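# Would you be able to build a 3D model of this:
(chains A and B)
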Amino acid sequence: SAVISQKPSRDICQRGTSLTIQCQVDSQVTMMFWYRQQPGQSLTLIATANQGSEATYESGFVIDKFPISRPNLTFSTLTVSNMSPEDSSIYLCSVARGPNQPQHFGDGTRLSIL
Amino acid sequence: QKEVEQDPGPLSVPEGAIVSLNCTYSNSAFQYFMWYRQYSRKGPELLMYTYSSGNKEDGRFTAQVDKSSKYISLFIRDSQPSDSATYLCAMITSSNTGKLIFGQGTTLQVKP
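Model (predicted):
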C-alpha cells in the first residue's frame, strides 16, 4: 500500500491564524481525501481533493474555511483558516487508487487552538 | 438513524480469546466493506476489504458480510495484547465518489 506522510504531525496555534497541512504520497493516486477526527470519535469527511479541479466538500464544510489544493497526483494541502478552539482536532488525509478501492491513511495532524 | 451502527464498547477480553466485532447498516447500496484498526496517535490501518456477501480470512482475522441482514463482522482468533486498539468498520456504495461511511469504532482491550 502507499506510504502517506503528513506534515506537521502536531501544532499549537493561536486563535484567528491559519495552518496549512501537507499530505505527500509515495506513488500516484487517483483519489485523495481529508478527514477530521475528534479524540475518541470516528472520522468525518471534510472533502475530496480532485486533481485539476476544485475539491468536493461535504455538508457543513466550506471552501473559505478549509481551502484545499491538489496540484498533482502525489500531493495535497488542507488549510484550516481563521482558527477557533472548535477547530482543535486531528486532521487526516487518505488516498485510494479508485472509487471502489480501500483508502489508506496518514497518521494525522494533531491541532490545538489556544 | 445513522447509516452505520457500531457498538463503541469498550470490549475487554483475556489473551487468547476469540473476539467478535460487528456493524449494522441501513443503506442497501453499500457494496464494499472494510475493517480498519487504529492505534492511539496513529491513522487507521486497513485490515480487511471485502466485496458483497461472504467470508474472507487473513491470518487470525476473518471478515464476514451478510448483505441480506445488513450485518458485517470481524473475528479475531487467539487475540493478543497487541490487538488492543479501536476497530472501525467502513463501507462504500457502488457510486464513483469513493466516499467512505464509518462506524463509530469499537475500543478493544486484550488483557495478558
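# Give me every residue in chain A lying close to chain B.
By CB under 8 Å from any CB of the partner chain, the part of chain A that sits against chain B consists of A:1, A:4, A:31, A:33, A:41-43, A:45, A:48, A:56, A:92, A:94, A:96, A:98-108, A:110. Heads up, the C-betas are built off the backbone N, CA and C, glycines and all.
# hang on, isn't A:Glu58 packed against A:Leu43?
No. A:Glu58 is beyond contact range of A:Leu43, at 11.4 Å (criterion: CB atoms under 8 Å).
# So for those two, which residue has more residues nearby?
Remark: of A:Glu58 and A:Leu43, A:Leu43 carries more neighbours, 26 against 15, as counted by other CB atoms under 10 Å in any protein chain shown.
# where in chain A is pLDDT low?
Along chain A, no part satisfies pLDDT under 70.
# Geometrically speaking, which residue is the centre of it?
Nearest to the mean C-alpha position of chain A, by CA atoms, centre = their mean, lies A:Trp34 at 3.3 Å.
# and it, bridged to which residues?
A:Trp34 has these beta-bridge partners by DSSP bridges: A:Ala47, A:Cys93.
# Now do the contacts for it.
Contacts for A:Trp34 (CB atoms under 8 Å, 6 or more residues apart in numbering or on different chains) come out as A:Cys23, A:Leu45, A:Ile46, A:Ala47, A:Ala49, A:Phe66, A:Ile68, A:Ser76, A:Leu78, A:Tyr91, A:Leu92, A:Cys93.
# Would you mind measuring from it to B:Gly105?
Distance of A:Trp34 to B:Gly105, given as CB to CB, to the nearest Å: 19 Å.
# How about A:Gln24?
Counting by CB to CB, the gap from A:Gln24 to B:Gly105 is 26 Å.
# The two: which is more packed in?
Between A:Gln24 and B:Gly105, B:Gly105 has the larger neighbour count (other CB under 10 Å), namely 27 against 15.
# and the helix or strand where B:Asn55 lies, average pLDDT?
Here B:Asn55 sits within strand B:54-58, counting by DSSP states H and E. Computed over strand B:54-58, the mean pLDDT rounds to 94.
# next helix or strand past it?
That would be, after strand B:54-58 and using DSSP H and E, strand B:61-66.
# just checking, what packs against whatever helix or strand comes next after that following strand?
Following strand B:61-66 in sequence order, the next helix or strand is strand B:71-76 (DSSP H and E). Contact here means 3 or more CB pairs under 8 Å, 6 or more residues apart in numbering or on different chains; DSSP states H and E; on that basis strand B:71-76 packs against strand B:19-25, strand B:61-66, strand B:85-93.
# now A:Ile113: how far from chain B?
A:Ile113 sits 19 Å away from chain B, going by CB to the nearest CB, to the nearest Å.
# In this structure that residue contacts A:Leu19, no?
No. Counting by CB under 8 Å, A:Ile113 stays clear of A:Leu19, with 9.1 Å between them.
# check contacts around the residue nearest to A:Gln24 when sequence neighbours are not counted.
In this structure, A:Gln24 finds its nearest non-sequential neighbour in A:Ser5, 4.7 Å apart by CB to CB, 6 or more residues apart in numbering or on different chains. By CB under 8 Å, 6+ apart, A:Ser5 lies in contact with A:Cys23, A:Gln24, A:Val25, A:Asp26, A:Gly106.
# Appreciated, that's everything.
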